[in-house]
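no FASTA, just this:
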């Protein structure tokens, strides 16, 4: 009987390992199949702006459309001075967001921090709603009077400081801006038309430039340069997918009542789908306005071109 104990012990050990791996795999699989993963900060900072968004106290990654919506869920503090699991879960439930599956990772203990006056001063001046960190670059001490011009994405700023002797000096600061940004899932080549499968949302460092507020601002547009995986996507990275280009000969459709006549025109502008552009009717030589209806096709905006 004693000889069987080692075998039994080995079987028990293998069973524990199997169930452990199985549990871990299920947990990892749940995260992998989620539309969005939200990891709450262990020490979330509460700022004084009117709205506190979920994306300001967490790291978010996943589906671009759902991720952007999740990031902008408002945290309803309900008069409380701290963030708790219940506050976060209640805010998500009351957001009305539907059709999204996400993994919510919340630390066992959440220590809520109040924003320090320096960060708050920068936030008030810029209105930045996401994560923000301001660090002094020198040990000059005094009363903060005002900052120089600050724009989100600037990594260094200066401020006027009044010293104890009444003199005014300039103090330098490093600023770090963190936000949920639309990023490239994989490398995207120049001239590609952006599709939903190309982009994701990910909490990343923001270093300037106009960023889209919704995926609609970049989807269906053409990429102006190569983008590496994980790179933030700015509005200047894309341009409309022009179906008509200036100088092109296009099919011009003229509607009069129930009759539609097709003729040939020359485009005077670039135009994406739905754009109103100017064209010259090559038959009448008149310049008219027309709506881009497809590649190389426009519809006249007036009955008698």
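Done, it's in. Keep in mind that what you see is a predicted model, and the values were worked out from it rather than measured. Numbers count the residues shown, from 1 in each chain.

if I look at the residue nearest to residue 111 when sequence neighbours are not counted, how far off is residue 120?
Sequence neighbours aside, residue 43 is the residue nearest to residue 111 in space, at 4.9 Å (criterion: Cβ to Cβ, 6 or more residues apart in numbering). In this view, the C-beta of every residue, glycine as well, is placed from N, C-alpha and C. Distance, residue 43 to residue 120, using Cβ to Cβ, to the nearest Å: 16 Å.

quick revisit: now name the helix or strand holding the residue nearest to residue 111.
Residue 43 is part of no helix or strand, with elements assigned from DSSP states H and E.

What about it, how many residues nearby?
When neighbours are defined as other Cβ atoms under 10 Å, residue 43 has 12 of them.

And for the one 4 residues further on?
Other residues lying near residue 47 total 20 when counted by other Cβ under 10 Å.

Which element, helix or strand, includes the nearest residue to residue 234 once chain neighbours are set aside?
Distances taken as Cβ to Cβ, 6+ apart put residue 209 closest to residue 234, at 4.1 Å, once the chain neighbours are dropped. Take DSSP H and E as the rule and residue 209 turns out to sit in neither a helix nor a strand.

For residue 209, give me its contacts.
By Cβ atoms under 8 Å, 6 or more residues apart in numbering, the contact set of residue 209 is 153, 234, 235, 236.

The second one reaches residue 210, doesn't it?
Yes. Contact criterion Cβ atoms under 8 Å: residue 234 and residue 210 qualify, at 5.9 Å.

These two: which has the busier surroundings?
Shown here are residue 234 and residue 210; by other Cβ under 10 Å, residue 234 has more neighbours (18 against 11).

list the contacts for the more buried one?
Residue 234 neighbours (Cβ under 8 Å, 6+ apart): 209, 210, 211, 212.

quick one: the residue nearest to the spatial centre of the chain from residue 48, how far?
Central residue of the chain (Cα atoms, centre = their mean): residue 181, 3.1 Å from the mean position. From residue 181 across to residue 48, the span is 24 Å (Cβ to Cβ).

Could you name the helices and strands sitting against the helix or strand containing residue 39?
Using DSSP H and E, residue 39 maps to strand 36-40. Helices and strands touching strand 36-40, by 3 or more Cβ pairs under 8 Å, 6 or more residues apart in numbering; DSSP states H and E, are strand 58-63, helix 64-71, strand 102-105.

Note down every partner strand of whichever helix or strand comes after the shortest one and its orientation.
Under the assignment DSSP H and E, the closest C-terminal helix or strand after strand 102-105 is strand 113-114. Next to strand 113-114 in the sheet, as set by DSSP bridges, lie strand 45-46 (parallel).

List the residues that contact the closest residue to residue 44 other than its chain neighbours.
Leaving out its chain neighbours, the residue that sits closest to residue 44 by Cβ to Cβ, 6+ apart is residue 57, at 3.6 Å. Counting by Cβ under 8 Å, 6+ apart, residue 57 makes contact with 40, 41, 44, 45, 75, 83.

quick one: residue 57 from residue 109, how far?
Distance of residue 57 to residue 109, given as Cβ to Cβ: 15 Å.
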